[in-house]
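Chemist: 3D model of this:
(one chain, ligands or ions: 1)
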Amino acid sequence: MASKEKEGLKINGGYPLHTFEDVEDVYFEYISSQADREKIKSSYEFAKSRHEGQFRNSGEPYYHHLIEVAYIIASLHCGPDTICAGFLHDVVEDTNTSIEEIEKRFGSEVAKLVDSVTKIQRLKLSHMDAEEFEAEDHRKIFIGMARDIRVIIIKLADRLHNLRTLDSLPYERQIALANETMDVYVPIAHRLGLDVIKSEMQDLCLKYLHPDIYDEITKLLTKKTRTMTKSLDGVKKRIADILFANNIPFEISSRVKSIYSIYHKMYILGTPFDEIYDIMALRIITDTEIRCYEILGLIHQTYVPIPGRFKDYIAMPKPNMYQSLHTSILGGDGNRYEVQIRTKEMDEVAEVGVAAHWAYKEGNGYNSKEEQEEIENQLHWFRDFVSISSDSESEDAKEYVDSLTKDIFEANIYVFTPKGKVIQLPMGSTPVDFAYKIHTRVGDTTIGALVNGVMVPLNTVLQTGDMVEIKTNKNSTPSEGWLNFVKTGLARSSIRKYISRKNAELEKDDKIAKGKTSLVDAFRDRGISEEEMEKMLSDKKVLDKYECDTLDDLYIKVCGRKPTPTAIIDFLNIKKDVELNTIGAKVKNSGVCPVYARGADNIAITLASCCTPIPGDDIVGFISHGKGIVAHRRNCHNVVGSEDRLIDVYWRDDIEYATYPVDIAINAINRPRLLHDISGVFATHKIPVNSISGKVVDSDGNVVFHATILVSDAKRLQDIFNILLNINGVYDIKRVTH
Ligand code: MN
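Modeler: This next block holds a predicted model:
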């Protein structure tokens with residue numbers, strides 16, 4: 001292929017370059033209609049001729065990009081219109097071709113898709129620092145894509161290829177595109193279950209956002225796979241023998257964890273590389289669901305399963321429809337292995353998610369509208385996504401994106417209606433969220449709720465499996481207090497709509513009082529008193545921002561919920577006071593605090609009791625309202641995400657350390673005298689034990705002991721761990737963070 005390669009830049013980012021014939025090879029497999037095949041080919045030829053003379057930043061002819069985008073789309077087995085639109089996606093934006101011309105040549109469906117993609121491209125994306133602007137950009141993209149799931153696929157393919165060739169863009173654009181991808185495209189790919197696209201995007205973004213970490217992990221991974229492959233092959237062979245002996249059809253393979261998921265474990269969750277046990281996993285594919293369970297049984301019979309690691313995603317699929325059985329086993333060699341068991345169909349869903357379900361089916365009255373409906377039925381969240389996106393014009397953008405993230409992208413629970421219908425809600429949802437999910441009218445008139453037959457307060461947090469029944473009264477109206485606990489954007493915006501309708505009818509004084517009350521509540525929630533709040537809000541900067549002359553003006557605006565208290569709090573950059581419990585972590589035997597911060601000699605520093613840091617641990621200081629500085633372990637989940645309130649703190653080396661409490665969990669296979677032996681280790685090594693309790697976790701005899709012990713430093717703790725691990729039956733010890 002002819003190319004004008006710029007110096008130092010690789011053709012197609014170093015990826016194998018496809019030709020139109022390659023794309024044909026892919027869609028010929030599932031599109032046999034001659035007319036459709038010709039239409040796709042002519043869309044390619046049309047796009048190529050219109051982009052003639054245009055080049056990518058890398059110096060390659062522009063149409064390379066169109067071929068790669070269409071190739072990705074065809075690999076997902078999308079229909080002919082989507083592939084055509086893939087070839088044509090830049091033609092309206094970048095050449096003098098009109099939508100009308102596209103419609104005349106390729107029909108209204110293709111034109112509609114190209115039009116939607118073009119509109120997203122035309123959004124003036126600000127990429128400014130202010131969070132509000134960024135959120136506004138993201139909202140525009142979400143709304144642009146919500147029109148049609150096929151538009152999402154085209155945009156994902158377009159973005160993926162642009163990421164592969166990111167080297168040819170200037171540094172600032174690389175960072176901006178990588179960040180936007182992580183914020184917008186990755187969550188969507190994840191929710192659609194498009195794992196192949198999601199993983200590749202994450203890896204590529206990491207490469208540009210944290211190149212050092214990316215290289216580090218790549219190196220670790222290469223080393224690990226080299227040493228582990230042999231032992232993995234041993235386990236693989238043994239399992240294969242067993243399945244063969246039991247006449248079970250199977251395919252067995254191994255997969256390596258993606259670079260990004262390792263990054264997530266190491267740098268977000270704080271797990272050291274050597275403690276990530278599913279870096280290599282075995283995948284067993286069989287023919288029927290029942291065989292999956294059979295295989296699981298056979299494996300558990302042969303190898304010791306690790307407690308807490310078994311997950312049945314077949315009975316309880318993930319919201320993105322992922323199904324599989326997961327278990328972790330101890331190989332005879334002391335290594336742990338994750339094993340995933342599923343059918344061929346489930347495997348396809350795991351790779352391409354929703355695309356596996358709506359893979360283009362030819363003939364028998366294929367209908368794009370029906371297709372869209374079918375997808376929406378399978379993915380409840382998509383319907384919510386569409387409805388939140390279309391009726392949120394009035395809300396501020398940050399709130400919109402937040403609620404979208406909460407409702408659509410976060411972990412879900414499944415609850416039941418009295419008739420047994422499954423309702424999916426974000427974690428932390430309450431009966432009020434449930435009520436609004438059923439219908440706005442039900443939500444608006446809710447007076448009470450029964451969960452599993454028992455009357456409960458409306459702010460009760462629902463759990464998966466709960467049966468929820470809502471009591472309504474047609475004369476009842478929503479309470480403003482519900483806003484303090486509802487989780488879904490749907491409930492929130494419905495309650496707000498009702499309140500602002502009602503507030504519009506209030507007298508001026510009432511509006512001031514109401515606006516003030518909701519602000520006082522929100523600030524108090526963050527540990528700020530009414531006086532402090534008034535002082536903050538009277539600042540000219542704040543009043544100017546909301547175009548108010550007086551504080552009362554601002555209260556009136558807040559009563560109308562423009563702006564909302566949350567928006568003001570975000571503007572003032574106040575974080576919710578993480579409830580950091582510092583009781584119980586008092587330094588024993590010594591009045592001297594073992595931790596100091598530079599230039600803050602007089603500030604009290606305490607050790608957090610959630611993650612129980614001890615000398616030698618990597619720590620950070622969290623600036624807490626009214627509690628001075630609290631030292632946490634750097635990876636403690638209570639401080640991750642609060643970077644703007646963290647400062648560097650250090651262990652003092654000029655004092656003799658006392659002992660400090662540490663919470664640990666010891667996992668073991670139960671046997672007589674096990675607890676006796678564990679206590680014996682503590683006694684022999686003179687480790688004071690504040691508390692210890694054991695709990696049998698399953699019928700296989702797995703048991704976990706929780707203990708609070710007193711130790712002087714991290715090195716000593718590691719020594720104790722090593723001694724405990726020598727006890728027969730003990731296979732894992734962890735520090736616990738509450
Ligand atoms: Mn493009």
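
Chemist: which single residue of the chain ends up nearest the ion?
Modeler: D158 (4.2 Å; C-beta to the ion). Heads up, the C-betas are built off the backbone N, CA and C, glycines and all.

Chemist: that residue against H89, yeah?
Modeler: Yes: the pair D158 / H89 is scored as a contact, 6.1 Å apart, by C-beta atoms under 8 Å.

Chemist: circling back: what's the burial count for the residue of the chain closest to the ion?
Modeler: 23 (other C-beta atoms under 10 Å).

Chemist: and if you look at I197?
Modeler: Counted with other C-beta under 10 Å, I197 comes out at 27.

Chemist: where does the closest residue to it other than its chain neighbours sit: helix, strand or coil?
Modeler: Once flanking residues are discounted, I197 sits nearest to A189: 4.8 Å by C-beta to C-beta, 6 or more residues apart in numbering. Three-state call for A189 (DSSP: H, G, I helix; E, B strand; the rest coil): helix.

Chemist: relative to T302, how far out is M228?
Modeler: The spacing between M228 and T302, counted by C-beta to C-beta, to the nearest Å, is 19 Å.

Chemist: what about the two, which has more around it?
Modeler: More crowded of M228 and T302, by other C-beta under 10 Å: M228, with 17 against 14.

Chemist: the more buried one and N335 touch, don't they?
Modeler: Yes: M228 lies in contact with N335 (C-beta under 8 Å); the separation is 7.2 Å.

Chemist: show me where the stretch 401-550 of the chain dips below the pLDDT cut-off.
Modeler: Scanning the stretch 401-550 of the chain for pLDDT under 70 picks out 401-412, 420-422.

Chemist: quick one: the helices in it?
Modeler: For the stretch 401-550 of the chain, the helices defined by DSSP state H, counting those that start in this stretch occupy 431-438, 440-444, 489-503, 508-525, 530-537, 540-545.

Chemist: give me the distance between the second one and the centre of its chain.
Modeler: If I follow you right, that is helix 440-444. Offset of helix 440-444 from its chain centre (C-alpha atoms, centre = their mean, to the nearest Å): 30 Å.

Chemist: just to revisit the earlier point, pick the most buried one from the helices of the stretch 401-550 of the chain.
Modeler: helix 431-438 (a mean of 25; mean count of other C-beta atoms under 10 Å).

Chemist: so which elements touch it?
Modeler: Of the remaining helices and strands, those touching helix 431-438 by 3 or more C-beta pairs under 8 Å, 6 or more residues apart in numbering; DSSP states H and E are strand 422-426, helix 440-444, strand 446-451, strand 468-472, helix 489-503.

Chemist: reformat those as a markdown table; add distance to I290.
Modeler: Shown next, in a markdown table, are the helices and strands packed on helix 431-438 (distance: least, C-beta to C-beta, whole Å):
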| stretch | distance to I290 |
| --- | --- |
| strand 422-426 | 22 |
| helix 440-444 | 39 |
| strand 446-451 | 33 |
| strand 468-472 | 32 |
| helix 489-503 | 38 |
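
Chemist: closest one to I252 among these?
Modeler: strand 422-426 (33.0 Å; C-beta to C-beta).

Chemist: can you give me the distance of N179 to T165?
Modeler: Relative to T165, N179 is positioned 18 Å away (criterion: C-beta to C-beta).

Chemist: more neighbours, these two?
Modeler: T165 (22 against 15).

Chemist: pLDDT score assigned to the more buried one?
Modeler: Looking at T165, its pLDDT reads 93.

Chemist: wait, isn't it in contact with G59?
Modeler: No: counting by C-beta under 8 Å, T165 stays clear of G59, with 10.9 Å between them.

Chemist: ok, back up a step: among the helices and strands packed on helix 431-438, which is nearest W651?
Modeler: Nearest to W651 among those is strand 422-426; the distance by C-beta to C-beta comes to 39.8 Å.

Chemist: buried set for that closest one?
Modeler: 423-426 (16 or more other C-beta atoms under 10 Å).

Chemist: residues contacting the closest residue to V26 other than its chain neighbours?
Modeler: Spatial nearest neighbour of V26, excluding adjacent residues (C-beta to C-beta, 6+ apart): A74 at 4.2 Å. Listed by C-beta atoms under 8 Å, 6 or more residues apart in numbering, the contact set of A74 reads 23, 26-27, 83, 86.
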